[in-house]
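what would the 3D arrangement of this be:
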Amino acid sequence: MLAASVYLEYIQGQRGLPPQPAYFTSDPYLMRQTFKLALGTYHYIQVIEDLLLETYFYSSYVQFRQCQSLVTVMLYNLKLLGFKAPRPFTCEFGEIVREVQDVHDALLRFKTKFHAAFARCRIKCNAYREDLLMGQDLMIRQRCSLNTPRYIRVNTLRRNKEQVIMTLDNRGYTKIAPGEPWSPFSYYCDPLIDQMLVFSPNSKDDLTNFALVHDGSLQLQDRSTVLSGFILQKLITTNGSANDDLIVTDIGNGNTACYLAALQNKESSILAFGPEPSATEKLLSKSETLNASNVHIVNEPFLQSSSKDKIFKGVRGILCNPPSTLSGVVDIIELVVEEGEKFLPTIAKGPCETNNLPRYVTTQYLTLKHALSFPKVNTVVYFTRSIHPQENELLIKKVVDELCDSSDDCPFRLVPVDGTVRDSLISGKPSYYEPLVNMKNVHGDTAVKCLRVMPTEEMSGFFIANFQRMAAKPSTILERALEKGTLGGEPGRHDGKKHRKNKKNKPKKPTTAGETAMDPTTSSMIKVREKKSRKSAKKKGA
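Numbers count the residues shown, from 1 in each chain. Predicted coordinates for the structure are as follows:
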């Protein structure tokens, strides 16, 4: 309860990212419950505060005004439990937390007043269901997250897929075909990504404590982040080799960089940018656990790097995944558990929150432009977990227009996403999120080449756009070769105009002492006479 109240203050902006005091836990199950409690309280915060004011709770218990966040969290929890008294609130060492217990007892004494006030609130808002008291976008996200399956990636740097499946069978899991009804402990193999396994929604807690997860053989990872790496590596192997170096512009929790390390050969390097100083050690430990030895962390923001630095001479592909609003993420609890508490204020406000949108769009635009400026890079994949067109299609359209106006000899061009990938992801089923997205200003030609997947009950939403460097024109190649002198002749003497200009400016042959200079008219007359005499000689000979 105390931890949830601290996170609630962090979401509301009343404090910074909280430290880890004694009552915080590292147990993934308890972390999920804590984040769920904090986010649920925030979504109903207005209703809860109205209940406390209408019942004059703080007038009767003045001492609790100093811990209002704890009161609101506990009132929300009691409402979920139907105001049934749970077991005493104890800490890790079994001692009762007196502060929490006192608030709980006081709230229970107001149980009847809270019930009556809550009933009046529902009548006033015409809410025949309790979830109608929150915003429409929050209600849609909650509805989608109820039955979201669990995606787990097989880390082939540790074990192969067959070994993992054998271990799962011994643990009691049942392999089913995609589309079959879920059983309590069932899973199936992802039809698109060979290393991905999909588990039933109720197996989350069991998988968290699985030994294969702890030793790095299995990695809990959102499917959308795996797809971004999958598409980049597919383009790289088509136009390059598995030995090419790659860049990840935002390392995040390190899952995507480690996945690319598993796809590429060990001779290649995965350069991951932008970790926070406090997270560097944790990311190094994670890459060691996953046996991703070719992941190299660059302790600086990607925008501060120089595209002409020698360290990037072997880089041929970039995964451009700048920070986004995360409005396409469905299971926000798993996102916070896997990727950190810093995302709580962003995702708590709902998918339609746009206050910080201009700041994100500016960062995304600068990041993509910088990625396209690397001279040796041939492939750039732009990826966001957002549903807003401002972060996706509209931004890509702006960059495409600038590329068309560029005078670069080998420019980047927007290329369509692979048809097999698109067909496997676009199911045709309507998404609950579609009414939340305004696509009126989206250019059709740009949208057709990009891949937008709206959030559903099956997976989170995301956006992907592929940029490919075009080959130079033959005339450009010839011009460069002549400039370098690789085709023979004097380097730099390749322009026909310059040759003609040089002929015009060629100095005249000087006259000797016995010769006299003639004016141009006399010279031309002599040439005409010589020409006539040659013609007459030919006629006589004939």
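
check this protein for its longest strand and report it.
If you go by DSSP state E, the chain has its longest strand at strand 462-469.

partner strands of that one, parallel or antiparallel?
Partners of strand 462-469 in the sheet, by DSSP bridges, are strand 379-384 (antiparallel), strand 412-415 (antiparallel), strand 451-453 (antiparallel).

export that strand as PDB, just CAs?
Taking Å, rounded to 0.1, in the frame of the first residue of the first chain, the C-alpha atoms of strand 462-469 are listed here in PDB:
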ATOM      1  CA  PHE A 462       2.800  -0.200 -33.400                       C
ATOM      2  CA  PHE A 463       4.000   1.600 -36.500                       C
ATOM      3  CA  ILE A 464       6.900   0.700 -38.800                       C
ATOM      4  CA  ALA A 465       8.400   2.500 -41.900                       C
ATOM      5  CA  ASN A 466      11.400   1.200 -44.000                       C
ATOM      6  CA  PHE A 467      13.900   3.500 -45.700                       C
ATOM      7  CA  GLN A 468      16.300   2.000 -48.200                       C
ATOM      8  CA  ARG A 469      19.200   3.700 -49.900                       C
END
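
gap between that strand and the chain center?
With C-alpha atoms, centre = their mean, to the nearest Å as the basis, strand 462-469 stands 11 Å off its chain's centre.

buried set for it?
462-469 (16 or more other C-beta atoms under 10 Å). Heads up, the C-betas are built off the backbone N, CA and C, glycines and all.

before we move on, what about stretch 209-229?
Those would be 210, 212-213, 216-229, for stretch 209-229 by 16+ other C-beta under 10 Å.

coming back round to it: so can I have TSV of the strands paired with strand 462-469 showing distance to D250?
Below are these laid out as TSV (distance: least, C-beta to C-beta, whole Å):
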stretch	distance to D250
strand 379-384	10
strand 412-415	20
strand 451-453	19
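
let me know which of those strands is the nearest to I123.
I123 lies closest, by C-beta to C-beta, to one member of the strands paired with strand 462-469: strand 451-453, at 39.8 Å.

for the closest residue to G13 other than its chain neighbours, give me its contacts.
Spatial nearest neighbour of G13, excluding adjacent residues (C-beta to C-beta, 6 or more residues apart in numbering): P345 at 6.8 Å. By C-beta atoms under 8 Å, 6 or more residues apart in numbering, the residues touching P345 are 10-11, 13.

so how do I select the buried members of these in ChimeraX?
Selecting the buried subset of the contacts of P345 in ChimeraX, with 16+ other C-beta under 10 Å as the burial test, is done by:
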select :10,11
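
okay, and which of the contacts of P345 map to helices?
10-11 (DSSP state H).

okay if I get the contacts of P345 as TSV plus distance to L403?
Shown next, in TSV, are the contacts of P345 (distance: C-beta to C-beta, whole Å):
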residue	distance to L403
Y10	41
I11	40
G13	39
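
out of the contacts of P345, which comes closest to L157?
For the contacts of P345, the nearest to L157 is Y10 (35.3 Å; C-beta to C-beta).

do you know the pLDDT at the closest one?
Note on Y10: pLDDT of 87.

now E457
pLDDT at E457 comes out at 87.

wait, is it part of a strand?
No. Under DSSP: H, G, I helix; E, B strand; the rest coil, E457 falls outside any strand and is assigned coil.

for T148, see how far away it is.
E457 sits 6 Å away from T148, taking C-beta to C-beta, to the nearest Å as the criterion.

rewinding a little: tell me the helix or strand right after the strand or helix carrying the residue nearest to G13.
Assigned by DSSP states H and E, P345 belongs to helix 344-348. Next along the chain after helix 344-348, taking DSSP H and E as the criterion, comes helix 357-371.

can I get the CA coordinates of that following helix in CSV?
Provided in CSV are the C-alpha atoms of helix 357-371 (Å, rounded to 0.1, in the frame of the first residue of the first chain):
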residue,chain,number,x,y,z
LEU,A,357,3.1,15.0,-28.2
PRO,A,358,5.0,18.0,-29.8
ARG,A,359,8.0,17.2,-27.6
TYR,A,360,8.0,13.6,-28.7
VAL,A,361,7.5,14.4,-32.4
THR,A,362,10.4,16.8,-32.4
THR,A,363,12.7,14.2,-30.9
GLN,A,364,11.5,11.5,-33.4
TYR,A,365,12.0,13.8,-36.4
LEU,A,366,15.5,14.8,-35.4
THR,A,367,16.4,11.1,-34.6
LEU,A,368,15.2,9.9,-37.9
LYS,A,369,16.9,12.6,-39.9
HIS,A,370,20.2,11.9,-38.0
ALA,A,371,19.9,8.2,-38.8
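
so which bits of that helix are buried?
Residues of helix 357-371 classed as buried by neighbour count (16+ other C-beta under 10 Å): 357, 360-361, 363-365, 367-368, 370-371.

kindly report the same for stretch 40-59.
40-45, 47-48, 50-52, 55, 57.

identify, from these, the entry nearest to L451.
Nearest to L451 among these, with distances taken as C-beta to C-beta, is H43, at 30.5 Å.

hmm, back to that, relative orientation of the longest strand of the chain and helix 357-371 in degrees?
Strand 462-469 and helix 357-371 meet at an angle of 30 degrees, taking axes from the mean of the first three to the mean of the last three C-alpha atoms, to 10 degrees as the criterion.

what's around the residue nearest to W182 when sequence neighbours are not counted, how many residues?
Excluding the flanking residues, the one nearest W182 by C-beta to C-beta, 6+ apart is S200, at 4.1 Å. S200 sits with 22 neighbouring residues when counted by other C-beta atoms under 10 Å.

you'd agree S200 is up against R150?
Yes. Assessed by C-beta atoms under 8 Å, S200 is found in contact with R150 at 7.3 Å.

and the gap between the residue nearest to W182 and L107?
36 Å.

same question, A177
With C-beta to C-beta as the criterion, A177 and L107 are 49 Å apart.

just to revisit the earlier point, dump the buried residues of stretch 40-59 to CSV, plus distance to L436.
Shown next, in CSV, are those (distance: C-beta to C-beta, whole Å):
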residue, distance to L436
G40, 21
T41, 23
Y42, 19
H43, 16
Y44, 20
I45, 21
V47, 22
I48, 25
D50, 26
L51, 28
L52, 31
T55, 35
F57, 35
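
what is the nearest of these to D169?
Proximity to D169 was ranked across the buried residues of stretch 40-59 by C-beta to C-beta; first place goes to G40, at 36.7 Å.

now do the strand or helix carrying the closest one, average pLDDT.
Using DSSP H and E, the element containing G40 is helix 28-43. The pLDDT scores in helix 28-43 average 87.

for the stretch 301-450 of the chain, give me the ranges with low pLDDT.
407-410, 428 (pLDDT under 70).

re earlier: what are the buried residues along the helix holding G40?
28, 31-35, 37-43.

who touches it?
Here helix 28-43 has contacts from 1, 3-5, 7-8, 11-12, 25, 48, 72-73, 76-77, 80, 134-135, 138, 204-205, 208-209, 332-334, 336-337, 341, 344, 348, using C-beta under 8 Å, 6+ apart.

after that helix, which helix or strand is next? Please name it.
Later in the chain than helix 28-43, the nearest helix or strand by DSSP H and E is helix 45-54.

A465 reaches V415, doesn't it?
No. Using C-beta under 8 Å, A465 makes no contact with V415, being 9.0 Å away.

how about the strands in the stretch 201-350 of the chain?
218-220, 245-248, 270-273, 295-298, 315-320 (DSSP state E, counting those that start in this stretch).

could you dump these to CSV with distance to R385?
Compiled in CSV, the strands of the stretch 201-350 of the chain are given as follows (distance: least, C-beta to C-beta, whole Å):
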stretch, distance to R385
strand 218-220, 16
strand 245-248, 15
strand 270-273, 18
strand 295-298, 21
strand 315-320, 13
